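Novice: I'd like to go over a predicted model; first the sequence, then the structure.
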Number of protein chains: 2
Amino acid sequence: MMQAGEAEISHGTDMVSDEAMHDFLGYSLKRAYMSVRRETAGAMEDFGLKVRSFSALTLIVANPGISPSLLAEVLQMERPNVVLIIDELETRELISRTRDPKDRRRFALNATLRGKHVQQKTAAAAAAREEKITARFTAQEYEMLKVFLRRIGA
Amino acid sequence: MMQAGEAEISHGTDMVSDEAMHDFLGYSLKRAYMSVRRETAGAMEDFGLKVRSFSALTLIVANPGISPSLLAEVLQMERPNVVLIIDELETRELISRTRDPKDRRRFALNATLRGKHVQQKTAAAAAAREEKITARFTAQEYEMLKVFLRRIGA
DNA sequence: TATTGTTATACTCTATAACTATA
DNA sequence: TATAGTTATAGAGTATAACAATA
């Protein structure tokens, strides 16, 4: 069954659609995710951040003193990849890396004043872009959607 | 605000959470997508298919005679990448590639009998895995979720 | 012994440029 | 001149193995 707004592509006399794949929740989720990402990634790049750098910076702002290992766990990334992101954020002086005196293996990550500013600006720009999409929902629908997504997500 | 089921990770006396990122729809969508994908990717690999090979095979089964270019457009992939997937499916004799006599630049892609069988088995296995997750929803909730996702997706 | 951070590396996925054959 | 399919390649993003410092 065809749904309003679905892209159909002509194919001889017929139409081609991806309807068969929409039987899978994963496919619908990916399409939705990619659609939102296309919007927000642009906003983040305007401030020199990739999506994952912005995610890391946001979590460091929200969780001052977090260690790289915890950050990797929360973001569901491997430790070596987190190191690269932290390097980038530190080079741009958006965060600082200081030894934890209680456990000298660990680093405590903290956003600099500049980092906090960049995070705020970028978050506002990304949120504005998301509103292009979330405007398609009533407040009640949007709340339901968020609840549903968090019921699925790890 | 913390929500039921959210992962919290201890961090000194505090807890670390990714709550700040859930302000962004894109983040919640990605978490949900990755969660479903982890389930279904395993099922597909059991039948020797990657997620994208399965998607291509499914669309070829559903749209007999589709061309590589149309397949790329529907799957939102670049043409060169589709060629690799088609090569793989053809080598495994799951699809056939025949010249379109009306436009000899084009190929018509069709699933072989074997390809149709593999697609059915894989789809059933993937659907069974998705049910682990969709069981968290009432039928009504699940229908709403699908409608919401298609309202977002391209 | 185990863990944190790190380095180097490999693998997958995706994107771009340029070619050929057909139109 | 434009399009379909292809090739080669480059760039992200992600994953694994192994090491030094610390616990």
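Specialist: Right, received. Where do you want to start?

Novice: Can you pull the residues of chain A lying near DNA strand C?
Specialist: A:67-69, A:79-80, A:83, A:86-87, A:97, A:105-107 (C-beta under 7 Å from any atom of the strand). C-beta: built from backbone N, CA, C; applies to glycine.

Novice: average model confidence for the host helix or strand of A:Leu70?
Specialist: Assigned by DSSP states H and E, A:Leu70 belongs to helix A:68-74. Averaging pLDDT along helix A:68-74 gives 98.

Novice: how about that helix: buried residues?
Specialist: A:68, A:70-74 (16 or more other C-beta atoms under 10 Å in any protein chain shown).

Novice: and if you look at stretch A:49-61?
Specialist: In stretch A:49-61, the ones that count as buried by 16+ other C-beta under 10 Å are A:49, A:51-61.

Novice: Near chain B, list only the ones from those residues.
Specialist: A:51, A:55, A:58-59, A:61 (C-beta under 8 Å from any C-beta of the partner chain).

Novice: Redo the residues you listed as JSON lines? Include pLDDT and distance to B:Tyr33.
Specialist: JSON lines is the format used below for those (pLDDT from 0 to 100; distance: C-beta to C-beta, whole Å):
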{"residue": "A:Val51", "pLDDT": "98", "distance to B:Tyr33": "14"}
{"residue": "A:Ser55", "pLDDT": "98", "distance to B:Tyr33": "15"}
{"residue": "A:Thr58", "pLDDT": "98", "distance to B:Tyr33": "19"}
{"residue": "A:Leu59", "pLDDT": "98", "distance to B:Tyr33": "19"}
{"residue": "A:Val61", "pLDDT": "98", "distance to B:Tyr33": "25"}
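
Novice: Report the two of those residues separated the most.
Specialist: A:Val51 and A:Val61 (15.8 Å; C-beta to C-beta).

Novice: returning to what we had before: of the ones next to chain B among the buried residues of stretch A:49-61, which belong to strands?
Specialist: Of these, none are assigned to strands by DSSP state E.

Novice: Dump these into CSV; add distance to B:Gln120 as well.
Specialist: Output for those, formatted as CSV (distance: C-beta to C-beta, whole Å):
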residue, distance to B:Gln120
A:Val51, 36
A:Ser55, 39
A:Thr58, 43
A:Leu59, 43
A:Val61, 49
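
Novice: Pick the one among those closest to A:Arg37.
Specialist: Set against A:Arg37, the nearest of those by C-beta to C-beta is A:Val51 (6.8 Å).

Novice: My guess is that closest one contacts A:Thr40. True?
Specialist: Yes. Between A:Val51 and A:Thr40 a contact is recorded at 6.9 Å, counting by C-beta atoms under 8 Å.

Novice: what residues are shared contacts of the two?
Specialist: Counting by C-beta atoms under 8 Å, 6 or more residues apart in numbering or on different chains, the common neighbours of A:Val51 and A:Thr40 are B:Gly26.

Novice: what's the neighbour count on A:Arg106?
Specialist: Using other C-beta atoms under 10 Å in any protein chain shown, the number of residues around A:Arg106 comes to 17.

Novice: Identify the residues contacting stretch A:83-94?
Specialist: With C-beta under 8 Å, 6+ apart as the criterion, stretch A:83-94 contacts A:48, A:52-53, A:56-57, A:60, A:68, A:71, A:95-97, A:109, A:111-112, A:114-115, A:118-119.

Novice: what are the ranges of the strands in chain A?
Specialist: A:9-11, A:14-16, A:95-99, A:107-111.

Novice: Can you give the strand pairings for the third one, parallel or anti for each?
Specialist: According to DSSP bridges, the neighbouring strands of strand A:95-99, each with its direction, are strand A:107-111 (antiparallel).

Novice: avg pLDDT for the strand it pairs with?
Specialist: Per-residue pLDDT values across strand A:107-111 average out to 98.

Novice: Mind listing what's buried along stretch A:142-154?
Specialist: Result for stretch A:142-154 [16+ other C-beta under 10 Å]: buried residues A:144-146, A:148-153.

Novice: so who does A:Phe54 touch?
Specialist: A:44, A:119, A:122-123, A:126.

Novice: Quick one, grab the pLDDT at it.
Specialist: Looking at A:Phe54, its pLDDT reads 98.
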